[in-house]
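Novice: Have a look; sequence and predicted model below, questions after that.
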Amino acid sequence: MFEAGFDQAAGLRAHPQRQGPALLAVASPPQPSRAYELLCHLSAQLKAQGRQPVILDGTATETAERRSGDGSPLGLLHALNDPAISDLGHPADGHEWLVMPAARGLRALQQTALTAGGAVALSRLLAPFGNGNLLLFFAPAHELSPLCGDLQARVVVPVLQYPRDALDAYGAVKLLHMAGARPVLAPVASDDPGQVLDSVLATVCDCADRHLGLDMELWSEPVWAACAQEHAMTRPQRPDTFHGLRDVRFAATGPSPVGAMPSLWS
């Protein structure tokens, strides 16, 4: 308790904030509506596990500016540009989770990632949202890759039920992999008795193995939420920080004499 460099709250500060806002990217297919089932099922699972899902729809465009009373929905760009907006994530009355248009906001984050790096862009994205939120960023693979590639983040690629979907899913996998991200496959089951989902999935995995040298990771529907919580990205922290706030007392590297250690008691 009285050792140099420690205090009673050191253990609490070192404990990760597992329930802070987090992000998982989901690549939209050419027809985004065909993957909404995945978003809804994943959101329902997350809510059942105590997280509050937020869908950031990068296939929907928010207005450039939002004025009070103009009737336009709150979009991601508005939240990024207005520092007064905070603790987002609570759905409107009658809705199970918050859905925000996010195409313009995503482009702003791409620029942030290009100029300052993916970690800064991620911190900027998570800043307006409250604890307990898990953001599902739904957008085309080529739009997500500038942000997720720099962070080597997992990106969910839905695998749908028709043979032509194999080409779309493999294209997304290849693009994300080449950008530095880590694509994972999430097969979306169908009640259609003529579905060939297993064949489509096998084709995508085989192409990824032969052409990219990838042994694809698969997330089946029963474990979507568990995998999402395990692999979602949270605010990056530096080794010399306490929950993202730099502590200059421990920033120096190398051994320091005990006498030079600052006192933590006032």
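Specialist: Right, received. Where do you want to start? Numbers count the residues shown, from 1 in each chain.
Novice: where does the stretch 101-250 of the chain dip in pLDDT?
Specialist: 191-195, 237-250 (pLDDT under 70).
Novice: Now do the helices in it.
Specialist: 103-116, 118-126, 141-151, 164-179, 197-207, 224-231 (DSSP state H, counting those that start in this stretch).
Novice: Most tightly packed of those?
Specialist: Greatest average neighbour count among the helices of the stretch 101-250 of the chain goes to helix 141-151 (a mean of 23), per mean count of other C-beta atoms under 10 Å. C-betas here are computed from N, CA, C, even on glycine.
Novice: ok, back up a step: now tabulate the helices of the stretch 101-250 of the chain in a markdown table and tack on distance to residue 60.
Specialist: A markdown table is the format used below for the helices of the stretch 101-250 of the chain (distance: least, C-beta to C-beta, whole Å):
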| stretch | distance to residue 60 |
| --- | --- |
| helix 103-116 | 6 |
| helix 118-126 | 17 |
| helix 141-151 | 12 |
| helix 164-179 | 19 |
| helix 197-207 | 27 |
| helix 224-231 | 21 |
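Novice: Please name whichever of those is nearest to residue 30.
Specialist: For those, proximity to residue 30 was assessed by C-beta to C-beta; helix 164-179 is nearest, at 5.9 Å.
Novice: Counting by contacts, list what the closest one packs against.
Specialist: helix 141-151, strand 154-159, strand 182-187, helix 197-207 (3 or more C-beta pairs under 8 Å, 6 or more residues apart in numbering; DSSP states H and E).
Novice: Save those as TSV, and put in distance to residue 37 too.
Specialist: Output for these, formatted as TSV (distance: least, C-beta to C-beta, whole Å):
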stretch	distance to residue 37
helix 141-151	19
strand 154-159	9
strand 182-187	11
helix 197-207	13
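Novice: which stretch among those comes nearest residue 103?
Specialist: The closest of these to residue 103 is helix 141-151. By C-beta to C-beta, the value is 7.9 Å.
Novice: Compute the inter-axis angle for that closest one and helix 118-126.
Specialist: 120 degrees (axes from the mean of the first three to the mean of the last three C-alpha atoms, to 10 degrees).
Novice: neighbouring contacts of helix 141-151?
Specialist: By C-beta atoms under 8 Å, 6 or more residues apart in numbering, the surrounding residues in contact with helix 141-151 are 25, 27-28, 58, 103, 106-107, 109-110, 113-114, 117-119, 121-122, 137, 153, 155, 157, 171-172, 175-176, 179-181, 233.
Novice: hmm, try it at 7 Å
Specialist: For helix 141-151, contacts defined as C-beta atoms under 7 Å, 6 or more residues apart in numbering pick out 25, 27, 58, 106, 109-110, 113-114, 117-119, 121-122, 137, 155, 172, 175-176, 179-181, 233.
Novice: Kindly report the same for stretch 22-35.
Specialist: In contact with stretch 22-35 (C-beta under 7 Å, 6+ apart) are residues 39, 59, 122, 125-126, 134-141, 144, 148, 153, 155-158, 160, 168, 172, 176, 188, 228, 232-234.
Novice: repeat for stretch 152-171
Specialist: 24-27, 29-30, 34-35, 38, 144, 148, 172-173, 176, 180-188, 190, 192, 195-197, 200-201, 203-204, 207-208, 219, 231, 233.
Novice: Then stretch 95-115?
Specialist: Counting by C-beta under 7 Å, 6+ apart, 43, 47, 52-62, 64, 73-77, 80, 89-91, 120-121, 124-125, 139, 143, 146-147, 150 sit against stretch 95-115.
Novice: Show only the entries of those residues found in helices.
Specialist: The helices, defined by DSSP state H, take in 43, 47, 76-77, 80, 120-121, 124-125, 143, 146-147, 150 from the contacts of stretch 95-115.
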